[in-house]
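In: Generate coordinates for the sequence data below:
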Amino acid sequence: MNTPNKLTILRIILVPFLVAALLLDFIPHRLLVAEVIFCAASLTDYFDGRLARKNGQITAFGKFADPLADKILVISAFLCFVQLGYIGCVPIIIVLFREFAVTSIRLVAASGGKVVAANMWGKAKTVSQIAAVIITLLLEYLLSVLPLGTAGAAAVDITVQVVTWISVVLTVVSGAIYIKDNAAFIK
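Out: The predicted model follows:
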């Protein structure tokens, strides 16, 4: 197994630690711990792709597992945000619908011997989702340690909703483009 694929697997392994940091109240500065774990996991996404391209180590496993690892990481964070009351369930339902649709197309393509890699829009979607999680964690952490008052809490809530919905819009756009570009597998 090459280094890029090991980094992809590491990203998946970090997810339970992220979830624990987010949901276990007894961890001091748990949101900051979650931020560090999430950022470390996100960096594995950057480095696995970069190393795979640089060293000619692009594999069928990597083309399939890398976007799957991204989905597991981001959706886990978003689901924890729903549990914590930071965001509602509607954006997550939309994201899940898109991810199931795209993954289904990938599986159908794979059954026919074709691996469909992520396109530019899928990468933009992933970056926007990662940014939304990082911004949410940072703002919610600041809200938990600084006396921001009611106005500060409202500003944090509005910002979290805006960055979440921006990522949802990019998720829908990238999904629609992916489905259009791979319509042959649906037929």
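In: going forward, measure contacts and count neighbours with C-alpha atoms only.
Out: Will do.
In: residues making contact with the one helix or strand D45 maps to?
Out: Assigned by DSSP states H and E, D45 falls within helix 30-54. The contact list for helix 30-54 (CA atoms under 8 Å, 6 or more residues apart in numbering) reads 3-5, 7-8, 10-11, 14, 17-19, 21-22, 24, 57-58, 66, 70, 73, 130, 134, 137-138, 140-141.
In: buried subset of those residues?
Out: 4-5, 7-8, 10-11, 18-19, 21-22, 57-58, 66, 70, 73, 130, 134, 137-138, 140-141 (16 or more other CA atoms under 10 Å).
In: can you give me the helices in this structure?
Out: Assigned by DSSP state H, the helices in the chain fall at 3-23, 30-54, 60-84, 89-111, 120-145, 149-181, 183-186.
In: packing partners for the lowest-mean-pLDDT helix or strand in the chain?
Out: Within the chain, no helix or strand scores below helix 183-186, which has a mean of 78 by mean pLDDT, DSSP states H and E. Helices and strands touching helix 183-186, by 3 or more CA pairs under 8 Å, 6 or more residues apart in numbering; DSSP states H and E, are helix 89-111.
In: Of all residues in this protein, which one is nearest the centre?
Out: Among the residues of the chain, the one closest to the centroid is V74, at 2.6 Å (CA atoms, centre = their mean).
In: List the residues that contact that residue.
Out: 129-130, 133.
In: Closest one to F185 out of those residues, please.
Out: Q129 (26.4 Å; CA to CA).
In: show me the contacts for that closest one.
Out: Contacts of Q129 (CA under 8 Å, 6+ apart): 74, 164, 167-168.
In: ok, now how distant is it from I92?
Out: Counting by CA to CA, to the nearest Å, the gap from Q129 to I92 is 11 Å.
In: Quick one: mean pLDDT for stretch 103-119?
Out: Across stretch 103-119, the average pLDDT comes to 80.
In: Over to it now: how far is its first residue from its last?
Out: 14 Å.
In: For it, which outside residues touch it?
Out: Outside stretch 103-119, the residues touching it (CA under 8 Å, 6+ apart) are 60, 63-64, 67, 178-179, 182, 185-186.
In: Of those, grab the buried ones for PyMOL.
Out: In PyMOL syntax, the buried subset of these is picked out as below (16+ other CA under 10 Å):
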select buried, resi 63+64+67+178+179+182+185
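In: now stretch 104-123, how far from the centre of its chain.
Out: Put simply, stretch 104-123 sits 18 Å off its chain's centre (CA atoms, centre = their mean, to the nearest Å).
In: Kindly report the same for stretch 68-84.
Out: 7 Å.
In: List the buried residues of it.
Out: The neighbour-count check on stretch 68-84 (16+ other CA under 10 Å) flags 69-71, 73-82 as buried.
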